[in-house]
Structure formats: structure tokens, C-alpha cells
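Visitor: Quick one, what's the 3D model for this:
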Amino acid sequence: MEESPFKGKTGFERLWNAFGYSLQGMSSAIRHEEAFRQECLLAAVLVPAAFFLPVGATEKAIMVASVLLVLIVELLNSAIEAAVDRVSLENHRLAKRAKDIGSAAVFLSLVNVAVVWLLILFA
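Guide: Residues are numbered from 1 along each chain as shown. This is a model prediction of the structure:
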């Protein structure tokens, strides 16, 4: 099996390359993924709001983490969808299953935000 030519990088060069790839991934998600843009808007509202709510530091951290988890899961879902589409654009039950499972993961992460915020604010 052939290894990626980028796997040989070490130290600062590897970190710098990884940082660049991460920025490219974020940029690509913002450009091409409507759901990610919508969830970024949600995060832009909820993350600052968490800091102004009258709750403790631990609660604030959990609230912010729940929101960031949505972005992380959406990025992974988008990556799965892109990889599936790269393999084939034809309808296939396994491609549908992969995309549906990714979508379910995003849905659960959004439910998690609602549950966490409601529990912290109203319990």
C-alpha cells in the first residue's frame, strides 16, 4: 500500500502543514456546505450567549462544548458525504446508509445542544 507523501513530515513542518489543511477544510466547508454555515451562525449566537448567562464556569464550558460538537460532527458528516460522492454519484443503498447515518449523528448533536442548554438553564 502506498503511503501519502505528506506523512513523512515531522516537527514544526508537519504542524504547519496540518494547520494549513485545517484552514482549507474550514474554508471548503463554509463555501460548499449550507448546513455548516447555518450551524456556524448558531454557534456565533450561542457561544457568546453562554458567557453572558448567569451560570458557573463549568456550565459555560459544557454549553460551549455542546455547540462546538455540532460543528465537529457536521464537518465529519460533510467529509463522509464528499468521500461517498467521490466514489460514485449513483444511488446505492450503502451510500444512502452512510449519508443517513452521518445526518443522524448531526441531528443527535443538535438534540444534545438543546438538552444541555435546557438542563443548565431550567434545572
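
Visitor: Please name every helix or strand in contact with the one helix or strand L94 maps to.
Guide: Using DSSP states H and E, L94 sits in helix 93-122. Counting contacts by 3 or more C-beta pairs under 8 Å, 6 or more residues apart in numbering; DSSP states H and E, helix 93-122 is packed against helix 34-52, helix 57-87. Any C-beta I mention is one placed from the backbone N, CA and C, and that applies to glycine too.

Visitor: what's the closest non-adjacent residue to the most centrally placed residue in the chain?
Guide: The centre of the chain sits closest to I72, judged by C-alpha atoms, centre = their mean, with a distance of 2.0 Å. Using C-beta to C-beta, 6 or more residues apart in numbering and skipping residues adjacent in sequence, the residue nearest I72 is S109, 8.0 Å away.

Visitor: tell me the contacts of the one you found?
Guide: By C-beta atoms under 8 Å, 6 or more residues apart in numbering, S109 lies in contact with S66, L69, V70, I72, V73, E74.

Visitor: Number of residues surrounding the fifth one?
Guide: The burial metric for V73, expressed as a neighbour count using other C-beta atoms under 10 Å, is 19.

Visitor: Tell me, what's the model's pLDDT at it?
Guide: For V73, the model assigns a pLDDT of 98.

Visitor: Hmm, it is touching A104, no?
Guide: No. Judged on C-beta atoms under 8 Å, V73 makes no contact with A104 at a distance of 10.0 Å.

Visitor: Dump the helices and strands packed on helix 93-122 into JSON lines; add distance to S22 as well.
Guide: What follows is the helices and strands packed on helix 93-122, written out as JSON lines (distance: least, C-beta to C-beta, whole Å):
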{"stretch": "helix 34-52", "distance to S22": "14"}
{"stretch": "helix 57-87", "distance to S22": "10"}
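
Visitor: Cool, thanks, signing off.
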